[in-house]
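Asker: after the sequence you'll find the predicted model.
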Amino acid sequence: MGSDFQVAFWAAKRAIGAASEEAYQRHGVRAGQQFILYELWAEDGLTPGELAKRLGLAVPTVTRTATRMESAGILRREPHPTDARLVRLRLTERGHELKDLMAGEVVTLTEKALRTLDQDDRERFIAYLHEVKTNLTTPTV
């Protein structure tokens, strides 16, 4: 049973990752950049350090990704208003436009992934995924 779960989970994870990457790349967004976008859509103007903390990443990882996103015209760096050592990452018009495009891709991918499940099965499946996460992140006594 354990091996079956691991094989099925990792195969599904790889398939979701590949489909997501393909969908996002159609809009010039590379894998992983969507997480920075989600955070900046919620609160534009975060520093790389703030983003790193929220996403559980190293600051150099966020900085490298932000540089790629800046080159792609998705965000820009602005001086921090009170600390000259820091920059704020601000979405460009293109970065803001991606919000609706990406939301559409997520809806399409979700529908494709769950198309054979009825609404009750979808809700149970999502609940099970939350339960698996809780089981793996809650210390056992």
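Answerer: Perfect, thanks for sending it.

Asker: hey, let's count contacts and neighbours off CA atoms from now on
Answerer: Noted.

Asker: and the closest residue to residue 36 other than its chain neighbours, helix, strand or coil?
Answerer: Leaving aside its sequence neighbours, residue 36 sits nearest to residue 51 (Cα to Cα, 6 or more residues apart in numbering; 7.1 Å). Following DSSP: H, G, I helix; E, B strand; the rest coil, we place residue 51 in the helix state.

Asker: contacting residues around residue 51?
Answerer: Listed by Cα atoms under 8 Å, 6 or more residues apart in numbering, the contact set of residue 51 reads 36, 39, 59, 62.

Asker: immediately after the helix or strand of the chain with the lowest mean pLDDT, which helix or strand?
Answerer: Taking mean pLDDT, DSSP states H and E as the measure, the helices and strands of the chain show their lowest mean at helix 2-25, namely a mean of 92. Downstream of helix 2-25, the first helix or strand assigned by DSSP states H and E is helix 33-42.

Asker: now do that following helix against helix 2-25, angle only.
Answerer: With axes from the mean of the first three to the mean of the last three Cα atoms, to 10 degrees applied, the angle from helix 33-42 to helix 2-25 works out at 60 degrees.

Asker: neighbouring contacts of helix 33-42?
Answerer: Against helix 33-42 from outside (Cα under 8 Å, 6+ apart): 24, 46, 51, 55, 65, 69, 89-91, 95-96, 99.

Asker: now, the most widely separated pair of the contacts of residue 51?
Answerer: Spatial extent of the contacts of residue 51 (Cα to Cα) is set by the pair 39 and 59 at 14.8 Å.

Asker: report pLDDT for the most centrally placed residue in the chain.
Answerer: The C-alpha lying nearest the average C-alpha coordinate of the chain belongs to residue 35 (Cα atoms, centre = their mean; 3.0 Å). Looking at residue 35, its pLDDT stands at 93.

Asker: one more: residue 123?
Answerer: As predicted, residue 123 sits at a pLDDT of 96.

Asker: how many residues are close by it?
Answerer: Here the number of neighbours of residue 123 (other Cα atoms under 10 Å) works out to 11.

Asker: same check, this time on residue 91
Answerer: Residue 91: 23 neighbours (other Cα under 10 Å).

Asker: tell me the contacts of residue 29?
Answerer: Taking Cα under 8 Å, 6+ apart, we find residue 29 in contact with residue 69.
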